[in-house]
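One predicted model, sequence on top.
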Amino acid sequence: MAAPHHFSTLYLSAPDVIDMVQRKGVEACLRGIADYIQADFLRWGAFDKSARAASHSRDGVIELMPIADDQTYAFKYVNGHPKNTRRGLPTVMAFGVLADVATGAPLLLSELTLTTALRTAAMSAVAARALARPGARTMALIGNGAQSEFQALAFHHLLGITTVRLFDTDPAATAKLQANLHGTTGLRTVACTSTAEAVRSADIVTTVTADKTNATILTPDMLAPGMHINAVGGDCPGKTELHADVLRQAQVFVEYAPQTRIEGDIQQLPPDFAVTELWEVLAGRHGGRASDTAVTVFDSVGFALEDFSALRFLRDTATGLGVGQPIELIPKMSDPKNLFGLLGTRNPLLRAAA
C-alpha cells in the first residue's frame, strides 16, 4: 500500500484578499489579473469550456461556472440578486476553487466577491485595449453601483482614460463613486443628469446596471462614429442594456458565443447574428475594429476562464505574500480505502454494539 499522502487546501478569506489588494494596490491587481486573462485567452484551445449552469428564481440567479485545462480545474459559485442591498447583503457574492486535474485535490478555496469585481473590470480593459480606438480619453459610465469604481480605475490605469462621465438613476450612487475616486491622480469625474448627457463626446461607453429587466439603456441615437461600448450589465436571460439596433449597427465581440447568445444583449437577435469571440482578436486571427469610424460592442457576460485566471493570480500572489491559511478541507487518512475508520470508537453506533 502506498504511503499516506496528506495535503491541505489554501484558504483565502475575504479579509485575506482585502489585505492582498491593499498591500499590492488596486492598480497592480487590475494589471496582474488582466495579464493572466490575456495569457489564458491566448491558450483558448487548451480549455474544456461550457456555458455556466444557472438556477433562476423570482429574485435572482445562482450560478456555477466551471472550466479546466489538462492540469487545473476551476469553478466559481456566484449569485446575482439586485434586491439584496435592501437586506444589507451584496448583489453579487462569490467564492471559487482551484483543483488538481491529476488527483482532483482542491488546492485553493477563495472568496471571489471582491475578486469578481476586479476581474470583470480587468476583462473590460483587456477587451477595450483590443477594440477601442487608440487615444481614447473619455468614458461614460452608466450605472454607478458596486462594480463602477473598479471599471473606472481599470480604464484609467490600463487605457489612459482621464475623464469619466457618470450617470445613475440613483444620485446617491454617483455621489458614492465620486467620493471613492476623489483624489485619484489624473482622473476627473463628471456627474451627468441622463444617459444621453453622459455619452455625449465619450470615446468609450460602459454600461453596468443591475436590474434584471430587458432595458434599453443605450439607444441608436446616442451612438457616435468610432465609439466603443463595453456592455457589462446584461448577464442572464431576460436582462439587457442595449437597444437591438445598437447591436445591428455595430461590430459585436463576445467572450464565449454559446453562453452570450443565451445571456448577453445578443439574446435579442437571431441565433445566426454575426459575432466574433474576443480570443480571436487577441490571437491575431481577426482584425478587430474595422475602421476608426466603426462602432464596436463588447457584449460581456462574464466567462469562467476569467475566474480561472483570477484564481491563478490569487494563488500566486498569496504564495508570494505569505497570505492565507491551510485548512483540512479533505480528511487525512492513514488508509485511503478506510474512510469509515476515521470515525473510530467515537461513533455512537460502534459504542452501542460494544
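Now that the structure is in, tell me what you want to look at.

and residue 77, what are its bridge partners?
When bridges are assigned using DSSP bridges, the partners listed for residue 77 are residue 64, residue 95.

ok, now which ones touch it?
When contacts are counted by CB atoms under 8 Å, 6 or more residues apart in numbering, residue 77 is found next to 62, 63, 64, 94, 95, 96. Every residue, glycine included, has its C-beta placed from N, CA and C.

separation between it and residue 220?
Distance, residue 77 to residue 220, by CB to CB, to the nearest Å: 38 Å.

my guess is residue 151 contacts residue 119, does it?
No. Distance between residue 151 and residue 119: 11.7 Å, which falls outside the contact criterion (CB atoms under 8 Å).

Tell me the one among the contacts of residue 77 nearest to residue 248.
Checking the contacts of residue 77 against residue 248 by CB to CB gives residue 63 as the nearest, at 28.6 Å.

Can you give me the neighbour number for that closest one?
By other CB atoms under 10 Å, 22 other residues sit near residue 63.

Enumerate every residue touching it.
When contacts are counted by CB under 8 Å, 6+ apart, residue 63 is found next to 52, 53, 54, 55, 76, 77, 78, 79, 80.

repeat for residue 55
For residue 55, the residues meeting the contact criterion (CB under 8 Å, 6+ apart) are 61, 62, 63.

let's see 6 Å
Residue 55 sits next to residue 62 when contact means CB atoms under 6 Å, 6 or more residues apart in numbering.

Beta-bridge partners for it, please?
Under DSSP bridges, the beta-bridge partners of residue 55 are residue 62.

related to what we said a few turns ago, out of the contacts of residue 77, which comes closest to residue 11?
Relative to residue 11, the closest of the contacts of residue 77 is residue 95; by CB to CB it sits at 10.1 Å.

That closest one reaches residue 113, doesn't it?
No. In terms of CB atoms under 6 Å, residue 95 does not count as a neighbour of residue 113; the distance is 7.7 Å.

quick one: the strands in the stretch 1-150 of the chain?
Taking DSSP state E, counting those that start in this stretch as the criterion, the stretch 1-150 of the chain carries its strands at 9-12, 53-56, 61-68, 72-80, 94-100, 106-111, 138-142.

quick one: contacts of the first one?
This points to strand 9-12. Under CB under 6 Å, 6+ apart, the answer for strand 9-12 is 106, 108, 109, 110, 314, 318, 324, 325, 327, 329.

By mean pLDDT, point me to the weakest helix or strand of the protein.
Taking mean pLDDT, DSSP states H and E as the measure, the helix or strand of the chain with the lowest value is helix 348-353, at a mean of 56.

most neighbours, which of the contacts of residue 77?
Of all the contacts of residue 77, the most densely surrounded is residue 96 (24 neighbours; neighbours counted as other CB under 10 Å).

give the contact list for it.
76, 110, 112, 307, 311.

residues touching the second one, list them.
Residues in contact with residue 110 (CB under 6 Å, 6+ apart) are 12, 96, 314.

and residue 231, bridged to which residues?
Each beta-bridge partner of residue 231 is listed here: residue 207, residue 299, as defined by DSSP bridges.

Spell out, range by range, the strands that occur in the stretch 251-354 of the chain.
Under the criterion DSSP E, counting those that start in this stretch, the stretch 251-354 of the chain carries strands at the ranges 251-254, 276-277, 296-299, 325-327.

Tell me which of these approaches residue 335 most closely.
Evaluated with CB to CB, the strands of the stretch 251-354 of the chain place strand 325-327 nearest to residue 335, the distance being 22.2 Å.

Pull up the pairing partners for that closest one, direction included.
Applying DSSP bridges, strand 325-327 is found paired with strand 9-12 (antiparallel).

What residues sit buried inside stretch 225-239?
Buried positions in stretch 225-239, judged by neighbour count with 16 or more other CB atoms under 10 Å: 226, 227, 228, 229, 230, 231, 232, 233, 234, 235, 236, 239.

Per-residue pLDDT of the last one, please?
According to the prediction, residue 239 has pLDDT 87.

circling back to that earlier point, in terms of model confidence, name the weakest of the contacts of residue 63.
Per-residue confidence across the contacts of residue 63 is lowest for residue 80, with 89 (pLDDT).
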